[in-house]
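Enquirer: Give me coordinates for this.
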Amino acid sequence: MKYIYLLTLLFLSANSFSQEEKEVKKAIIKSNDSLNGKEIDVPFSIIEDIPIAPGCESVEKNKRMECFNAYMTEHIQKHFKYPKAAAKKNIQGKVLVTFIINKDGFVEQIETNGGHELLRQEAYRIIDNLPQFRPGLLRGKPVKVQYGLPITFRLR
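Expert: Next comes the predicted model:
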């Protein structure tokens, strides 16, 4: 039996902010205190300088998102292992993984939603194996950045 997975990265364009993201952006723009002593989680879609994946450091700023996407896809392909118990039971599904790239560039607060527990465990393991990134910047200062992606597990 062949195993395949599908990966769809969730990146919101500047024109498709959720209401919550719009409010966060307004608060950041209006308040000088937003970065002074407060820890804020900035949505990936509104960060000024996105976290930089290993190997993307020399990429032009306007190409960093593309490089980040390629890095994430490659990382998932390299580390993906369809859980044997899930394959035996013909378990398939989609898992939404959300996490924070903190102001030191490390992945933290990994959460998985949807899908079977075996699939959630595998999705967690893959993301937990991400290396350190160069952190995202807002007003030139490192900030925690929220990120999310769905991973679809499908058997063939």
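Enquirer: quick one, longest helix in the protein?
Expert: Ranked by residue count, the top helix of the chain under DSSP state H comes out as helix 64-79.
Enquirer: For that one, which residues meet the burial criterion?
Expert: Of the residues in helix 64-79, those with enough neighbours to count as buried (16 or more other C-beta atoms under 10 Å) are 64, 67-68, 71-72, 75-76. For the C-beta atoms, the positions are set from N, CA and C on the backbone; glycine is no exception.
Enquirer: and it, how far out from the chain's middle?
Expert: On the basis of C-alpha atoms, centre = their mean, to the nearest Å, the separation between the geometric centre of helix 64-79 and that of its chain is 10 Å.
Enquirer: after it comes which helix or strand?
Expert: Next helix or strand after helix 64-79 toward the C-terminus (DSSP states H and E): helix 84-88.
Enquirer: Please identify the buried residues of that following helix?
Expert: Under 16+ other C-beta under 10 Å, the buried positions of helix 84-88 are 86-87.
Enquirer: Centre of the chain to that helix, how far?
Expert: Using C-alpha atoms, centre = their mean, the offset of helix 84-88 from its chain centre is 26 Å.
Enquirer: I'd like to know which elements that helix is packed against.
Expert: Counting by 3 or more C-beta pairs under 8 Å, 6 or more residues apart in numbering; DSSP states H and E, the packing neighbours recorded for helix 84-88 are helix 117-128.
Enquirer: Buried residues in the helix it packs on, which are they?
Expert: Within helix 117-128, the residues that count as buried by 16+ other C-beta under 10 Å are 118-124, 126-127.
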